[in-house]
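Asks: need a structure here:
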Amino acid sequence: MKALVTGGGGFLGRVIVEKLLKRGTYVRVLGRRKYPFLEEQGVEIVTGDIRNFEAVETAVKDMDTVFHVASMTGIWGKWKDFFETNVTGTENILKTSKKNGVSRLVYTSTPSVIYGGEENFENVDETIPYPKKYNCYYPATKAIAEKMVLAENGKDGLLTVSLRPHLIWGPRDTNLIPRLIERAKSGRLIRVGDGKNLVDIIYVDNATHAHLLAVDRLEEGSPVCGQAYFISQGEPVVLWDWIDHVLFRLKLSPVKKTISYRTAYLLGQLFEGIYTMFHIASEPVMTRFLASQLAKSHFFNIEKAKKELGYSPVVSHKEGLEQMIKYFSSQIHTDFNDLKNL
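Replies: Below is the predicted model:
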């Protein structure tokens, strides 16, 4: 196998690269900068932006498999930026993959593609439809991209599958845990809602395991082809209890401030209006999407992944938590911006 991993220098992408190398796979990474820690392991790096067709074509050439992990994440930003990275970037991957004879494409999606507003999602499966409207550009553009990926399955010899891992965490996390630490240290962490909402999470090695299972099952006649799958630990956690436990283990103060969901949602709506009106680029402290994510339950039925992918977590929640705490305990005094570059 010769595999391209877009976003291979990021949190999930890096672990996918490492697991592929252990399999003896030739790995190429498309990223916006050099990654010496990957080059030292024999990984070929193509420096370029996924929004640039020529850069993507250079990266895809001579590959037979693509793991499309790269995306623009976040709760705030310009539609143009989200669309160009998540939609145009994916379109570039699809076009160049078909042009260059790539046979398998695993797309990293998100459960947020089915999240349109204020709903609770409790044990829902993949039959749930996409919403008609979104209150955040990230899930809106990821949904467009996922639909494109699945629609291209079987065309020009390309087989595709989409995975929806939820709240990936673990050692070397560059988003969820560093953000939690930064806000806790600055006293800006506020519990939204009654604190009883259940959410799915997934340890990074389990998310990686699902990607490798998916690529192994992408062959003609497989039920995996053209399908989307929710991926998680299979055991939702009480979000705010989990956050408090992580903070406790990292010797940080627990969350003490609380705000109702309705108040947070209305504040988010207000902030969005102000930031839009005055063209403020920085991220608001609250948005409607963030309020819903922090206060509502969202956990998913993974029976389809178990049955068709053969997926089950290879790392338990307890084991994963110990590994993550060990890693971040050594980084706790590092600035947030430094954590993002680890």
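
Asks: Distance check, the one residue sitting closest to the centre of the chain against residue 151.
Replies: Central residue of the chain (C-alpha atoms, centre = their mean): residue 110, 5.9 Å from the mean position. The gap separating residue 110 from residue 151 is 18 Å, by C-beta to C-beta, to the nearest Å. The C-beta positions use only the backbone N, C-alpha and C, and glycine is treated the same way.

Asks: and what of residue 59?
Replies: 22 Å.

Asks: what about those two, which has more around it?
Replies: Neighbours per residue, other C-beta atoms under 10 Å: of residue 59 and residue 151, the larger number sits with residue 59, 28 against 12.

Asks: can I assume the residue nearest to the centre of the chain is in contact with residue 166?
Replies: Yes: between residue 110 and residue 166 there is a contact at 7.3 Å, judged by C-beta atoms under 8 Å.

Asks: contacting residues around residue 107?
Replies: Residue 107 makes contact with 68, 90, 145, 146, 149, 160, 161, 162, 163, according to C-beta atoms under 8 Å, 6 or more residues apart in numbering.

Asks: For it, which three-state class applies?
Replies: Taking DSSP: H, G, I helix; E, B strand; the rest coil as the rule, one finds residue 107 in the strand state.

Asks: Which strand residues bridge it?
Replies: residue 68, residue 162 (DSSP bridges).

Asks: which residue ranges form the helices in the protein?
Replies: 11-22, 36-39, 53-60, 79-82, 89-99, 137-151, 176-186, 204-217, 239-249, 261-277, 288-295, 303-304, 317-329, 336-339 (DSSP state H).

Asks: With mean pLDDT and distance to residue 225 as added columns, please give these in TSV.
Replies: Shown next, in TSV, are the helices of the chain (pLDDT from 0 to 100; distance: least, C-beta to C-beta, whole Å):
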stretch	mean pLDDT	distance to residue 225
helix 11-22	98	20
helix 36-39	95	30
helix 53-60	98	20
helix 79-82	97	28
helix 89-99	98	14
helix 137-151	98	9
helix 176-186	92	31
helix 204-217	98	8
helix 239-249	97	34
helix 261-277	97	39
helix 288-295	96	31
helix 303-304	98	14
helix 317-329	97	30
helix 336-339	44	38
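
Asks: ok, how many other residues are close to residue 281?
Replies: Count around residue 281 with other C-beta under 10 Å applied: 8.

Asks: That one and residue 77: what is the separation?
Replies: Relative to residue 77, residue 281 is positioned 8 Å away (criterion: C-beta to C-beta).

Asks: got the buried residues for stretch 203-217?
Replies: Residues of stretch 203-217 classed as buried by neighbour count (16 or more other C-beta atoms under 10 Å): 203-215, 217.

Asks: From those, pick the one nearest residue 242.
Replies: Within the buried residues of stretch 203-217, the smallest distance to residue 242 is 12.6 Å, found for residue 203 (C-beta to C-beta).

Asks: can you pull the contacts of that closest one?
Replies: 168, 169, 170, 233, 313, 315, 317, 320, 324 are the contacts of residue 203 under C-beta under 8 Å, 6+ apart.

Asks: Need the per-residue pLDDT for the fifth one.
Replies: Read that as residue 313. pLDDT, residue 313: 98.

Asks: which residues touch it?
Replies: For residue 313, the contact set (C-beta under 8 Å, 6+ apart) comprises 202, 203, 206, 209, 233, 234.

Asks: how about TSV for those residues, with distance to residue 330 added?
Replies: Below are the contacts of residue 313 laid out as TSV (distance: C-beta to C-beta, whole Å):
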residue	distance to residue 330
202	23
203	19
206	23
209	25
233	24
234	29
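
Asks: Out of these, which is nearest to residue 19?
Replies: Closest to residue 19, out of all of those and judged by C-beta to C-beta, is residue 209, at 8.0 Å.

Asks: Specify the beta-bridge partners of residue 3.
Replies: Beta-bridge partners of residue 3, as defined by DSSP bridges: residue 27, residue 65.

Asks: Quick check: it touching residue 68?
Replies: No: using C-beta under 8 Å as the test, residue 3 is too far from residue 68 to be in contact (11.1 Å).

Asks: out of these two, which sits in the more crowded spot?
Replies: Remark: of residue 3 and residue 68, residue 68 carries more neighbours, 27 against 24, as counted by other C-beta under 10 Å.

Asks: Perfect, that will be all.
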